[in-house]
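*Asks:* Provide a 3D model corresponding to the input given below.
(one chain, ligands or ions: 1)
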Amino acid sequence: LIVVLAGGVGAAKFLHGLAAAVPPDEITAIVNTGDDVEFYGLDISPDIDTVLYTLSGRVNPETGWGLAGDTVACLGALNELGEDTWFRLGDRDIATHLVRSSLLRSGLSPTAVTAELASRLGVRSWILPMTDSHFRTFVQTDAGRLPFQEYFVKRGQTDVVKAIEFEGCETAEPTPGVIEALRSAAGLIFAPSNPFVSIGTILAVKGVRQLIESRSYPSVAISPIIGGKALKGPADKMMSSLGHDISAVGVARLYQGLVDVFVIDNEDAGLKPEVEALGFRVIVTNTIMRGLPERERLARDVMQAIR
Ligand code: GDP
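*Replies:* As a prediction, the model looks like this:
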């Protein structure tokens, strides 16, 4: 079993390649749920949906999230009713949230609901929410304390992030599935995801960091920062405002003790000695994942490091 710690778009692209490189049912993704949000009584789990849509071939290729060819008639109607519709919900995407919400209300756990959605969408890898408990990411900014999606979507990541807080992290338990995956893995992969609000959340679930620190299998991370920039999202700005170097070296420092092999992009080949000096084995390769061939090739490089 190969276990992947996953956020949204960056992780989903990598998982897509991995599912082409190894049998999909030998992959378990532990997915961030700190970004989860409720609107109009719907339970929305953006990173889980991005992973499910990508692995089932339904994702919108332009955005990397949402469903291909989706429309926004419902949002338009909500607008006419005077609602502030800053969170993008596609019409067909809403079907996913309706099913999730109704299954949750019938008493199933988030883990069971995600397994059901994965099965109905034909996803054969094991997609696990990092916890079944309440866990919400907040950011402290110069504009005050904001729930994650208000910072990320509503305000477009324009605020300077001074601190990140996880509501519920004192009580949120990893699920039995997460514990079992981290105990019995043959290898662990940190997907190229935001180190603070995607991977950092998973590591903040009680006991997860300790389980990884005491692992007896190899662990590999792929840098989400290339040439001093994030390909998407606020990871680079967060690195700097939280006091880290905006570089693969800065990310590697965050993963010390948790990762053995660190994968950096060809563009960052010059950083190899610095990352090695931190105690990692370093792989330099193309880590920009446009189409499936690039994703699969990166996954094969990572699998070779694990084997
Ligand atoms: P989000 O929750 O949708 O923002 O997605 P993630 O947390 O999974 O990923 C965001 C991070 O993934 C950003 O820091 C990006 O730089 C990184 N990322 C996205 N696509 C790629 C890629 O093709 N290659 C690499 N190396 N990083 C990527």
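*Asks:* mind listing what's buried in stretch 81-98?
*Replies:* Residues Phe87, Leu89, Gly90, Asp93, Ile94, Thr96, His97 are the ones in stretch 81-98 that count as buried (16 or more other Cβ atoms under 10 Å). Backbone N, C-alpha and C define where each C-beta goes, glycine included.
*Asks:* Show me which residues of the chain are close to the ligand?
*Replies:* 7-11, 13, 47, 50, 192-194, 198, 222-224, 226, 230-233, 235, 287-289 (Cβ under 6 Å from any ligand atom).
*Asks:* which among those end up buried?
*Replies:* For those, a neighbour count by 16+ other Cβ under 10 Å gives the buried set as 7-11, 13, 47, 50, 192-194, 198, 222-224, 226, 230-231, 233, 235, 287, 289.
*Asks:* Tell me which of those residues fall in strands.
*Replies:* Judged by DSSP state E, those include Ile222, Ile226, Ala230 as members of strands.
*Asks:* in the protein, which residue is closest to the centre?
*Replies:* For the chain, the residue nearest the mean C-alpha position is Gly7 (0.4 Å; Cα atoms, centre = their mean).
*Asks:* Surely that residue touches Ser198?
*Replies:* Yes. Applying Cβ atoms under 8 Å as the test, Gly7 and Ser198 come out as touching, 2.5 Å apart.
*Asks:* anything in contact with each of the two?
*Replies:* Common neighbours of Gly7 and Ser198 are listed as Asn32, Asp47 (criterion: Cβ atoms under 8 Å, 6 or more residues apart in numbering).
*Asks:* Which stretches in the protein count as strands?
*Replies:* For the chain, the strands defined by DSSP E occupy 2-6, 27-31, 37-39, 42-44, 126-129, 136-141, 144-147, 161-167, 187-190, 219-222, 225-226, 229-230, 261-265, 281-285.
*Asks:* Identify all contacting residues around the fifth one.
*Replies:* I take that to be strand 126-129. So strand 126-129 is contacted by 25, 27-31, 33, 45, 48, 51-52, 55, 110-111, 114-115, 118, 175, 177-178, 181 (Cβ under 8 Å, 6+ apart).
*Asks:* Give me the buried entries from those.
*Replies:* Neighbour counting by 16+ other Cβ under 10 Å classes 27-31, 33, 45, 48, 51-52, 55, 110-111, 114-115, 118, 175, 177-178, 181 among the contacts of strand 126-129 as buried.
*Asks:* Inside helices: which ones of the residues you listed?
*Replies:* Ile48, Val51, Leu52, Leu55, Pro110, Thr111, Thr114, Ala115, Ala118, Gly177, Val178, Ala181 (DSSP state H).
*Asks:* pLDDT score for the last one?
*Replies:* pLDDT for Ala181: 98.
*Asks:* for the second one, same thing?
*Replies:* At Val51, the predicted lDDT confidence score is 98.
*Asks:* I'd say it and Val31 touch.
*Replies:* Yes. Between Val51 and Val31 there is a contact at 5.8 Å, judged by Cβ under 8 Å.
*Asks:* Which neighbours do these two have in common?
*Replies:* Here Val51 and Val31 have Ala6, Ala11, Ile127 as joint contacts, going by Cβ under 8 Å, 6+ apart.
*Asks:* Including pLDDT, could the residues you listed go into CSV?
*Replies:* Shown next, in CSV, are these (pLDDT from 0 to 100):
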residue, pLDDT
Ala6, 98
Ala11, 98
Ile127, 98
